[in-house]
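**Q** Please work out how this folds:
(chains A, B, C and D)
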Protein chains: 2
Amino acid sequence: MDRDRSRVTIHDVAREAGVSIATVSRVLSGSAGAGEHVRARVLGIAQQLGYRGDSVARSLRSRKSNMLGLLVPNITNPFFPALIQSVELELQARQDGLLLADAQSTVSVETDRVRSMLDRRIDALLISPTDEELSLAIIDEALSQIPVVQLDRRAGSAAPYVGVDNAGAIKDAVAHLAAQGRSRFAFVGYSRGVSTSEARVDAFVKYTESIDPDSVTRILREEIGDGEVVPAGWLDQILGDVDAIITSSDLIAVSLRDSLLDRGLRVPEDIALVSFDNTLLAAAANLTSIQQPLVDVARAGIALVSGLEVEVPIEGFPTTLVVRKSSSVGV
Amino acid sequence: MDRDRSRVTIHDVAREAGVSIATVSRVLSGSAGAGEHVRARVLGIAQQLGYRGDSVARSLRSRKSNMLGLLVPNITNPFFPALIQSVELELQARQDGLLLADAQSTVSVETDRVRSMLDRRIDALLISPTDEELSLAIIDEALSQIPVVQLDRRAGSAAPYVGVDNAGAIKDAVAHLAAQGRSRFAFVGYSRGVSTSEARVDAFVKYTESIDPDSVTRILREEIGDGEVVPAGWLDQILGDVDAIITSSDLIAVSLRDSLLDRGLRVPEDIALVSFDNTLLAAAANLTSIQQPLVDVARAGIALVSGLEVEVPIEGFPTTLVVRKSSSVGV
DNA sequence: CTGAAAGCGCTAACAG
DNA sequence: CTGTTAGCGCTTTCAG
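**A** Next up, the predicted model:
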């Protein structure tokens, strides 16, 4: 494996084109005036020599790395790959690189990784905080150096936030279930300290209480870890009294359906299920799920850290309910 | 938001400590001799001033970015987040950064992203190729500049490969199913041009044919896209004649189980299911699944691109069959 | 063991 | 419109 030790530099192009390196730099950066004639010539030579520029040198001089950092709380939660994909897609269009880190649901790891990204001179940070309160310090630390936007989840930081209308999503889900004749609701998948989760539970109470005053007693307040199963005790306790369950992720819904089938209950005939995220899993498992407009969220977040004006509803991107078999007998 | 325009540089530390910048550089890089006395003093000052170094300047001078690139074919396939997490974990321990890109299952995108990473001067590339043949060109292009290792999937490149023993995994699965009294097998989830998939299908034929000569006729040769469902026609055709199905991903298994239940078949009583990847999904859905030692794979891959000698079984890391309800009535 | 000096490849004043 | 020049912050010879 021969390794090109000697890349083509701006000097080579300049020499070959018979102009100064400054001119080459100008032409290549597209900026400033450039003699139409010279311009074409330089571009041609650069192309022909296979000049690719050196982003490190460029960064050192221009003080920007053209890399954004993205920190997610836990990449194995299938929601985040979808978010990452959207961010990457947008960055790709802007020719920016993506420095990714996973906090492993641990604030100390998150802190570490943010510092490391800061040292690498990312231009801005997109972060989905691990904890509503404990992540505050590191977000503010980052914010003192570069633009920061909180994506999807938020901590109590002054950094702008971009996310979806979780309350609206729950409202839609409840309306859909009510239209199917459901009237006794439960909610599974609350996580303390996760802002989206808090918002969803609040909305669940708000939108179900008029139909079902007891719904508030059917919220599982216990956190369901990744790959964990809904506690049997809790399930048995509420099951006789429920005909619809909303979960905060497709993963939980799959697990839950499994438990219900084990108990001889039918989905959706006996109990309807609606989940969040609409990941590939929802399609594969035929789950009714709430689709979040991640591409829009990513785009708005990136626009924000780039200092662009953003006119869209930053805090309340509307979600879409994708109806499938788990909530609708006819489908 | 005040932005620190002026970071602490090596000059500041040098001035404060009353030594030259060269000395500071030596002390901080740990290398070379350094007067014990001076050493302590410099370290103290650096700490106190909150010196963090400038990785961009360091990279320009030292010609290494301390960043590795990782290219995955499709991040929404739940296997890859697990792989990414393992890579990230290992990189974190080495203080290296992770530049991530998603090929969106498209060779042209993959090509683009690799070039972009190369321009960013990644020290090495870890790639799980999108296509066995078509990815070859870009892998070799990268290999001509930096160390490259193929992870999990491989194309026909000279770049070293690190992956698991897919044949052994299938062998274990078949043995487990046979021990449960199963004797008529089918395989779902073949993807043309994906090296792991080819290996699994070959092994499926090899290890089932002595028990079940017809197994080869029950391989679904059609690719199942993400979130797609197993074709009903094919299922109906083989179903009367099958008591065990091996799938190449947890996602497919979930979807498949759904289809089976719809047809009034019980899992595992009527048909046992074993899948690949053992992602969170397998735990949530109670699927027997093949666990790949991703941490080991990631570690070996990173060691390889770092030029370290790797003594482990690079091409055949052993997998583990995690038995759950989908294949075993007793569990 | 330490300092001085020379750049890494590029951009951005500043002149012409 | 184009060239000259001065660094960005750091590592690394080369002298002392």
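
**Q** what residue ranges in chain A are flagged as low confidence?
**A** Where chain A drops to pLDDT under 70, the residues are A:1-6, A:31-34, A:312-314, A:331.

**Q** Just the helices from it, written as ranges.
**A** When secondary structure is read from DSSP state H, chain A shows helices at A:10-17, A:21-28, A:36-49, A:55-62, A:79-93, A:107-119, A:136-143, A:166-179, A:195-208, A:232-239, A:250-262, A:280-285, A:294-305.

**Q** So which of those is nearest B:R263?
**A** With C-beta to C-beta as the criterion, B:R263 lies closest to helix A:250-262 of the helices of chain A, at 14.2 Å. Where C-beta positions appear, they are placed from N, C-alpha and C, glycine not excepted.

**Q** So what touches the closest one?
**A** Residues from elsewhere that reach helix A:250-262 (C-beta atoms under 8 Å, 6 or more residues apart in numbering or on different chains): A:77-78, A:188-189, A:224, A:226-230, A:232, A:235, A:239, A:245, A:247, A:266-267, A:270-271, A:273-279, A:281-282, A:285, A:287, A:289, A:326, B:254, B:261, B:280-281, B:284-286.

**Q** Determine which residue lies closest to the centroid of chain A.
**A** For chain A, A:L83 is the residue whose C-alpha lies nearest the centre (C-alpha atoms, centre = their mean; 3.2 Å).

**Q** what's near enough to touch that residue?
**A** Taking C-beta under 8 Å, 6+ apart, we find A:L83 in contact with A:72, A:128, A:151-152, A:294, A:297-298.

**Q** Out of those residues, give me the one that has the most neighbours.
**A** A:V72 (29 neighbours; other C-beta atoms under 10 Å in any protein chain shown).

**Q** Quick check: chain neighbours aside, which residue is closest to the residue in the stretch 201-331 of chain A positioned nearest to DNA strand D?
**A** Minimum separation of the stretch 201-331 of chain A from DNA strand D (C-beta to the nearest atom of the strand) falls at A:G307, amounting to 21.2 Å. In space, and not counting its chain neighbours, A:G307 is closest to A:P147: 6.8 Å by C-beta to C-beta, 6 or more residues apart in numbering or on different chains.

**Q** before we move on, what about A:A178?
**A** A:I211 (6.0 Å).

**Q** and the one you found, backbone torsions?
**A** Here is the backbone geometry of A:I211 (degrees, to the nearest 10): phi -80, psi -40.

**Q** That one contacts A:S183, doesn't it?
**A** Yes: assessed by C-beta atoms under 8 Å, A:I211 is found in contact with A:S183 at 5.5 Å.

**Q** got the contact list for the closest residue to A:V87 other than its chain neighbours?
**A** In space, and not counting its chain neighbours, A:V87 is closest to A:A298: 4.5 Å by C-beta to C-beta, 6+ apart. With contact set as C-beta under 8 Å, 6+ apart, A:A298 has these partners: A:83, A:86-87, A:89-90, A:151.

**Q** Please repeat the previous calculation with a cut-off of 6 Å.
**A** By C-beta atoms under 6 Å, 6 or more residues apart in numbering or on different chains, the residues touching A:A298 are A:86-87, A:90.

**Q** what does A:T196 give?
**A** Per C-beta under 6 Å, 6+ apart, neighbours of A:T196: A:153, A:166.

**Q** Mind doing that once more with 8 Å?
**A** If you count contacts by C-beta under 8 Å, 6+ apart, A:T196 has them with A:152-153, A:163, A:166, A:248.

**Q** Tell me how far it lies from A:D202.
**A** The gap separating A:T196 from A:D202 is 11 Å, by C-beta to C-beta, to the nearest Å.

**Q** ok, now which ones touch A:A159?
**A** A:A159 neighbours (C-beta under 8 Å, 6+ apart): A:127, A:139-140, A:142-143, A:148-150.

**Q** The closest residue in space to A:L100 that isn't next to it in sequence and A:S25: what is the separation?
**A** Leaving out its chain neighbours, the residue that sits closest to A:L100 by C-beta to C-beta, 6+ apart is B:L100, at 4.2 Å. The gap separating B:L100 from A:S25 is 30 Å, by C-beta to C-beta.

**Q** more neighbours, the two?
**A** B:L100 (26 against 18).

**Q** could you dump the contacts of A:A298 to JSON lines with neighbour count and distance to B:V322?
**A** Below are the contacts of A:A298 laid out as JSON lines (neighbours: other C-beta atoms under 10 Å in any protein chain shown; distance: C-beta to C-beta, whole Å):
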{"residue": "A:S86", "neighbour count": "21", "distance to B:V322": "31"}
{"residue": "A:V87", "neighbour count": "27", "distance to B:V322": "32"}
{"residue": "A:E90", "neighbour count": "21", "distance to B:V322": "37"}
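
**Q** got those residues as TSV, with distance to DNA strand D columns?
**A** Output for the contacts of A:A298, formatted as TSV (distance: C-beta to the nearest atom of the strand, whole Å):
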residue	distance to DNA strand D
A:S86	33
A:V87	28
A:E90	28
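
**Q** Which of those sits closest to B:V216?
**A** In terms of C-beta to C-beta, no member of the contacts of A:A298 lies closer to B:V216 than A:S86, at 41.2 Å.

**Q** Those residues of the stretch 51-200 of chain A touching DNA strand C, which are they?
**A** Within the stretch 51-200 of chain A, the positions near DNA strand C by C-beta under 7 Å from any atom of the strand are A:51, A:53-54, A:57-58, A:60-62.

**Q** ok, and of those, which contact chain B?
**A** With C-beta under 8 Å from any C-beta of the partner chain as the criterion, these include A:53-54, A:57, A:60 near chain B.

**Q** Could I have the buried ones of these as PyMOL selection syntax?
**A** To isolate the buried members of those in PyMOL, using 16 or more other C-beta atoms under 10 Å in any protein chain shown:
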select buried, chain A and resi 53+54+57+60
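
**Q** Please identify which of the ones next to chain B among the residues of the stretch 51-200 of chain A next to DNA strand C is nearest to DNA strand D.
**A** After measuring these against DNA strand D - C-beta to the nearest atom of the strand - the closest member comes out as A:L60, at 4.0 Å.

**Q** show me what contacts the closest one?
**A** A:L60 touches B:54, B:56-57, B:60, counting by C-beta under 8 Å, 6+ apart.

**Q** how about a cut-off of 10 Å?
**A** By C-beta atoms under 10 Å, 6 or more residues apart in numbering or on different chains, the residues touching A:L60 are A:54, A:121, B:54, B:56-61.

**Q** now A:G44
**A** Each residue near A:G44 by C-beta under 10 Å, 6+ apart is listed here: A:16-17.

**Q** and what of A:P293?
**A** A:86, A:164-165, A:299-300, A:312, A:317-320.
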